[in-house]
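Asker: Let's see this in three dimensions:
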Amino acid sequence: MNDSLLNYARETLEIEIEEAKRLLTRLDDNFLCACSLLLNCTGKAVVSGMGKSGHIGKKIAASLASTGTPAFFVHPAEALHGDLGMIGSNDVLIFISYSGRAKELDTILPLLKENQTRLIAITGGKNSSLAQAADCVLDISVEREACPMGLAPTSSAVNTLMMGDALAMALMRHRGFGAEDFARSHPGGSLGARLLNRVHHLMRTGDRLPVVDSQKNVMDAMLELSRTGLGLVAVCDASLHVVGVFTDGDLRRWLVKGHSLDDPLVSAMSRPGYQLPAQWRAGEALEALHEQHISAAPVVDSEGILVGAINLHDLHQAGIG
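Answerer: Purely as a prediction, here's the structure:
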C-alpha cells in the first residue's frame, strides 16, 4: 500500500511540474500588457474568482498587496449583491476562471465595460467570453489535470498560483520594492521588528546605561557591572568617547591572573571593544553580536560618543531573532 501511495504522489507532482513548465512559453505580450495595466493603475488591483480560483485569488491579492501593488479580493457572488460598487473605473480587475465561463460573468462583464474598468483574465479558456472581454489574457491552460478523473483543479490550480506569483514578483522587482518596504506591510511580525526597529529604538539609556570613566579603577568598573547587570561597562573619556569596554569576562581574567581591584581600569579593559552604531537596523545588530561572539555592546553615534548599550536579551524581547 505504501508504495502505491508514494507512486500516486509522484505521478501527481510529475504532471503538475510538467504543466507548470509550459507557463514559460506563455510569458508574452499579454503578460507585459497585464504588468503595464497594474503599474499604471491609479486605483487598486481587484482580484476575483469562484471556487478554487477564488481561494487562489485571495492568495494572489495578498501577494500583490504585500509587494507594492495595492490589492484586495472580491467574491463574484458578493459583487453581484453590492460589492461591485467597490470596483471603480481607476481600478484593474483580475478575474480568475479556468473555463472563462463562470455564470457570474454574464452580469459582471457588461457592467465593467460600462464602467470602463480594465480587465485582466487569468484563464485556460482562450476563446471564452472572459477572454474576449479582457484587455489581457494570461493563459494558464493545461493539457492534463493531475486528478485521475480530470475533475479536481490540480495542475490548473498550480498554474494559476504560479502565474499570479510571476505577476507579483515582476511588478515588485520593477518597482524596486525592497526588504524595508516589505517590512512596512508586515510590521507586527519578526521581519518588521528586524527591519523597522533601529538600535537607538531598543538600547538602554539613562540610569540603565553602564558607563565608567577611563580614569577609574577596576573596582569602580566591577561595581558598575553589578549595578546594571548588562555584562559589560562602556569605558569613556571625559568627552564620553568610548575608549574600551570592561566585561564580566575581563573581570574574571584579571582576578585569575592575581591582579588587584585597585589597579587602573585602562590596564584591564578590552580596547577598543566592539561598538554598535545607533542608526543600524536591529537585525544588523543581532547578526553583528553573533558574528563577534559577544552578548552585549555599547552604542555610539556617528562621532563615537556613547549614547546607549544593548544586549541580546533586549533584541529578543523586541521579537528579533
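Asker: OK, contacts around the closest residue to His241 other than its chain neighbours?
Answerer: Distances taken as CB to CB, 6 or more residues apart in numbering place Gly304 nearest to His241, at 5.2 Å, with adjacent residues excluded. In short, each C-beta sits where N, CA and C put it, glycine included. Residues in contact with Gly304 (CB atoms under 8 Å, 6 or more residues apart in numbering) are His241, Val242, Gln275.
Asker: Present these as a markdown table; the columns should include neighbour count, distance to Met86 and secondary structure.
Answerer: Output for the contacts of Gly304, formatted as a markdown table (neighbours: other CB atoms under 10 Å; distance: CB to CB, whole Å; DSSP: H, G, I helix; E, B strand; the rest coil):
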| residue | neighbour count | distance to Met86 | secondary structure |
| --- | --- | --- | --- |
| His241 | 14 | 59 | strand |
| Val242 | 22 | 56 | strand |
| Gln275 | 18 | 52 | coil |
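Asker: From one end of stretch 41-54 to the other, what's the distance?
Answerer: Chord length of stretch 41-54, first to last residue, is 22 Å (CA to CA, to the nearest Å).
Asker: Would you mark the buried spots in that stretch?
Answerer: Buried residues in stretch 41-54, defined by neighbour count with 16 or more other CB atoms under 10 Å: Cys41, Lys44, Ala45, Val46, Val47, Ser48, Gly49, Met50, Lys52, Ser53, Gly54.
Asker: which other residues reach the strand or helix carrying Gly57?
Answerer: Take DSSP states H and E as the rule and Gly57 turns out to sit in helix 51-66. The contact list for helix 51-66 (CB under 8 Å, 6+ apart) reads 38, 45-49, 70-73, 75-76, 94, 96-98, 153, 157, 160-161, 164-165, 167-168, 171, 182, 185-186.
Asker: Doesn't Ile120 belong to a strand?
Answerer: Yes. Looking at Ile120 with DSSP: H, G, I helix; E, B strand; the rest coil, it is inside a strand.
Asker: For it, give the beta-bridge partners.
Answerer: Beta-bridge partners recorded for Ile120 (DSSP bridges): Ile94, Cys136.
Asker: Tell me which residues touch it, please.
Answerer: Each residue near Ile120 by CB under 8 Å, 6+ apart is listed here: Ala34, Leu37, Leu38, Val92, Leu93, Ile94, Phe95, Ala134, Asp135, Cys136, Val137, Leu138.
Asker: From the opening residue of stretch 230-247 to its closing one, how far?
Answerer: 9 Å.
Asker: List the buried residues for it?
Answerer: By neighbour count with 16+ other CB under 10 Å, stretch 230-247 contains the buried residues 230-236, 240, 242-247.
Asker: same deal with stretch 71-80?
Answerer: Ala71, Phe72, Phe73, Val74, His75, Pro76, Ala79.
Asker: Kindly report the same for stretch 256-273.
Answerer: Neighbour-count burial for stretch 256-273 flags Leu265, Val266, Ala268, Met269, Ser270, Gly273 (criterion: 16+ other CB under 10 Å).
Asker: Sort out which of those residues are in helices and list them.
Answerer: Among the buried residues of stretch 256-273, no member falls in helices (DSSP state H).
Asker: low pLDDT regions in the stretch 151-300 of the chain?
Answerer: Across the stretch 151-300 of the chain, the ranges flagged by pLDDT under 70 are 179-196.
Asker: ok, which stretches of it are helices?
Answerer: Using DSSP state H, counting those that start in this stretch, the helices of the stretch 151-300 of the chain run over 155-175, 179-184, 190-196, 199-202, 218-228, 248-256, 282-292.
Asker: hang on, isn't Val307 packed against Val299?
Answerer: Yes. Val307 is within contact range of Val299, at 5.5 Å (criterion: CB atoms under 8 Å).
Asker: Spatially nearest residue to Lys44 (excluding sequence neighbours)?
Answerer: The shortest distance from Lys44 to any residue other than its chain neighbours is 4.6 Å, reached at Pro70 (CB to CB, 6+ apart).
Asker: who's in contact with the one you found?
Answerer: Neighbour list for Pro70: Lys44, Ala45, Leu64 [criterion: CB under 8 Å, 6+ apart].
Asker: mind listing what the first one touches?
Answerer: Listed by CB under 8 Å, 6+ apart, the contact set of Lys44 reads Pro70, Ala71, Phe72, Asp91, Val92.
Asker: Just put the contacts of Ile120 in a markdown table and tack on distance to Glu145 and neighbour count.
Answerer: Shown next, in a markdown table, are these (distance: CB to CB, whole Å; neighbours: other CB atoms under 10 Å):
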| residue | distance to Glu145 | neighbour count |
| --- | --- | --- |
| Ala34 | 24 | 27 |
| Leu37 | 29 | 18 |
| Leu38 | 29 | 24 |
| Val92 | 29 | 25 |
| Leu93 | 26 | 24 |
| Ile94 | 22 | 29 |
| Phe95 | 21 | 28 |
| Ala134 | 23 | 25 |
| Asp135 | 28 | 16 |
| Cys136 | 25 | 22 |
| Val137 | 20 | 25 |
| Leu138 | 18 | 26 |
